[in-house]
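A.B. asks: coords please:
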Amino acid sequence: MGKYYTKYGLGIAAVLIGYFLLTNLLGLHKYPVLSAFNGVIIGGGIFYALKNYKASTEQFKYQDGFQLGLFTGGIASFVFGAFMACYIFWIDTRFAEAILDSWNLNFNKGSLILIISLIIMGLSTSFVLTLTFMQLLKESWNPKR
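C.D. replies: You can find the predicted model right below:
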């Protein structure tokens with residue numbers, strides 16, 4: 001199962017990084033509302049990971065699928081968070097300040113809060129979407145007639 005969440009987790013992270021770089025190229029990366037599409041990217045990757053794992057196993061257990069979804073989203077969130085940390089601290093140091101100014105915060109705005117919130121949002125999105133997809137993909141306990 002490790003090959004599934006590693007493969008799909010890194011794939012999701014690559015698509016998230018590509019989406020961010022595309023919005024950066026178009027000058028739209030400073031609009032936080034466009035990060036809502038990150039949920040679609042994470043959801044699509046988790047769904048395909050679960051679907052492919054279910055197709056390759058004889059018995060699809062709920063625990064295994066739930067673990068797969070969480071680990072896939074977790075790997076993607078941490079890899080994307082590491083990329084964003086490198087981007088914020090080394091490439092575009094004004095980016096975090098511009099994003100945090102749009103949040104209207106009244107305290108010392110450090111870039112680390114942006115990285116932490118990005119990882120927490122990725123993990124919570126992964127958790128909720130894994131719960132949702134497992135309801136669709138789990139085996140039914142109802143007897144067949």
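A.B. asks: all helices for this protein, in order.
C.D. replies: With DSSP state H, the ranges of helices along the chain come out as 2-26, 37-56, 62-86, 93-102, 111-137.
A.B. asks: ranking the ones you listed by mean pLDDT, which is last?
C.D. replies: Mean pLDDT values for the helices of the chain show the minimum at helix 93-102, a mean of 75.
A.B. asks: Of all the residues in that one, which ones are buried?
C.D. replies: Under the neighbour-count criterion of 16 or more other C-beta atoms under 10 Å, helix 93-102 has F95, A96, I99, L100 buried. Every residue, glycine included, has its C-beta placed from N, CA and C.
A.B. asks: so which of the helices of the chain gets nearest P143?
C.D. replies: When these are compared by C-beta to C-beta, helix 62-86 sits nearest P143, at 18.1 Å.
A.B. asks: Using PDB, write down the CA coordinates of stretch 32-43.
C.D. replies: The C-alpha trace of stretch 32-43 is given here as PDB (Å, rounded to 0.1, in the frame of the first residue of the first chain):
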ATOM      1  CA  PRO A  32      -6.300  33.400  -1.800                       C
ATOM      2  CA  VAL A  33      -9.700  32.500  -3.200                       C
ATOM      3  CA  LEU A  34      -8.000  30.600  -6.000                       C
ATOM      4  CA  SER A  35      -6.500  28.200  -3.500                       C
ATOM      5  CA  ALA A  36     -10.000  26.600  -3.300                       C
ATOM      6  CA  PHE A  37      -9.000  24.700  -6.400                       C
ATOM      7  CA  ASN A  38      -6.300  23.000  -4.300                       C
ATOM      8  CA  GLY A  39      -9.200  21.000  -2.700                       C
ATOM      9  CA  VAL A  40     -10.300  19.800  -6.100                       C
ATOM     10  CA  ILE A  41      -6.700  18.700  -6.900                       C
ATOM     11  CA  ILE A  42      -6.300  16.900  -3.500                       C
ATOM     12  CA  GLY A  43      -9.700  15.300  -3.800                       C
END
